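Participant: Sequence and predicted structure are below.
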Amino acid sequence: MTSLLLTPIALVRRHLLGPLRSDRSPLEGRRVVITGASSGIGEASAYAVARRGARVELVARRDEELQRVVAAIRADGGQASAHAVDLTDAGAVEGLVEELLAEGPVDYLVNNAGRSIRRSLELSADRMHDFERTMAINYFAPVRLTMGLLPAMREQRFGHVVNVVTWGVQMKAPKFAAYIASKAALDTFARIAGREAWEDNVTFTNIRFGLVRTPMVAPTEAYAKAPAETPEQAAAKVVRALEDRPLTINTVAGSLGEVFNLVAPRLSDRLFAAFDKRFPDSAAARR
């Protein structure tokens with residue numbers, strides 16, 4: 001009787017929480033594609049995933065930096081290949097998909113490449129390109145790559161996609177309209193795609209990171225002394241997302257902010273407006 005009950009329970013746990021832990025990583029022997037892998041979270045994740053026994057396919061624009069990461073992984077005994085691609089170029093992404101699938105199935109995809117812009121609406125009135133370029137790399141690029149690899153994942157009845165998003169999709173922080181809107185679009189896309197691919201054992205995780213100390217945040221003076229995770233700490237969350245396949249990975253602050261926005265939306269608006277005034281646009285945003 002007990003064994004009959006354990007089977008469906010184990011299946012439900014696998015879909016909702018990921019596979020049971022063992023000494024052997026589920027990444028061992030699998031192919032993992034990581035975008036934005038030439039620096040920051042992507043680079044740190046590439047090292048961490050390779051150490052778990054995966055073959056890592058590194059994607060970014062800067063070939064020289066990619067080759068540096070590949071060399072470091074191979075020197076450590078890992079397996080890695082570099083693909084220098086501008087992910088905002090639709091034709092280049094199609095070529096990347098063909099190249100990847102020609103070598104065999106892709107098991108995991110980490111959509112990490114992105115652009116952050118912190119600029120108030122007051123300074124954005126004549127900068128529509130801020131919204132266009134964030135959508136290009138933060139939303140259209142990962143969706144295009146995901147859609148290219150998804151049919152093969154569904155056919156082999158295994159796959160997992162990890163999206164690096166932001167706690168901003170919960171907090172709705174001022175001065176990040178372009179950035180957070182693009183990440184919120186990706187967050188929502190993944191939830192819906194995960195429901196459609198559920199029966200094919202293809203799942204999605206959205207990691208809603210707080211501040212991570214990477215080159216992307218360096219131009220914002222307000223972040224200089226703010227608490228932040230290291231790229232290595234962020235990479236540990238990426239590995240967890242790949243191995244355990246949770247629906248989301250949130251910060252405590254992000255989850256509390258999301259509840260606050262739901263239960264007291266106008267009070268939340270008032271407090272965020274006051275917070276907005278205390279932290280003006282950076283010098284980089286005024287250029």
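Facilitator: Done, it's in. Numbering: from 1, shown residues only.

Participant: only C-alpha atoms for contact and neighbour calcs from this point on.
Facilitator: OK.

Participant: how close does the most centrally placed residue in the chain get to residue 112?
Facilitator: Compute the mean C-alpha point of the chain, and by Cα atoms, centre = their mean the closest residue is residue 164, 1.5 Å away. Spatial separation of residue 164 from residue 112 under the definition Cα to Cα, to the nearest Å is 5 Å.

Participant: Same question for residue 171.
Facilitator: In this structure, residue 171 lies at 20 Å from residue 112, with Cα to Cα as the measure.

Participant: Name the residue in these two with the higher neighbour count.
Facilitator: residue 112 (27 against 20; other Cα atoms under 10 Å).

Participant: So the more buried one sits against residue 35, correct?
Facilitator: Yes: the pair residue 112 and residue 35 qualifies as a contact (Cα atoms under 8 Å) at a distance of 5.3 Å.

Participant: Please enumerate the shared neighbours of those two.
Facilitator: Taking Cα atoms under 8 Å, 6 or more residues apart in numbering as the contact criterion, the common neighbours of residue 112 and residue 35 are residue 42.

Participant: Which residues are in contact with the residue nearest to the centre of the chain?
Facilitator: Contacts for residue 164 (Cα under 8 Å, 6+ apart) come out as 110, 111, 112, 206, 207, 208, 209.

Participant: 10 Å instead, please
Facilitator: Shown in contact with residue 164 (Cα atoms under 10 Å, 6 or more residues apart in numbering): 41-42, 110-114, 138, 183, 186-187, 205-209, 234, 238, 249.

Participant: Tell me which helix or strand comes right after the host helix or strand of it.
Facilitator: The secondary structure element spanning residue 164 is strand 159-166 (assigned by DSSP states H and E). Later in the chain than strand 159-166, the nearest helix or strand by DSSP H and E is helix 168-171.

Participant: Put the alpha carbons of the biggest helix by length in the chain into CSV.
Facilitator: In terms of residue count, the longest helix belonging to the chain (DSSP state H) is helix 177-196. What follows is helix 177-196, C-alpha atoms only, in CSV (Å, rounded to 0.1, in the frame of the first residue of the first chain):
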residue,chain,number,x,y,z
ALA,A,177,10.6,51.2,-15.8
ALA,A,178,12.5,50.0,-18.9
TYR,A,179,14.5,47.3,-17.2
ILE,A,180,11.8,45.8,-14.9
ALA,A,181,9.1,45.8,-17.6
SER,A,182,11.4,43.7,-19.9
LYS,A,183,12.2,41.3,-17.1
ALA,A,184,8.5,41.1,-16.0
ALA,A,185,7.7,40.1,-19.6
LEU,A,186,10.2,37.3,-19.5
ASP,A,187,9.0,36.2,-16.0
THR,A,188,5.4,35.9,-17.3
PHE,A,189,6.4,34.2,-20.5
ALA,A,190,8.2,31.5,-18.5
ARG,A,191,5.2,30.8,-16.3
ILE,A,192,3.0,30.3,-19.3
ALA,A,193,5.5,28.3,-21.3
GLY,A,194,6.0,26.0,-18.3
ARG,A,195,2.3,25.2,-18.1
GLU,A,196,2.2,24.3,-21.8
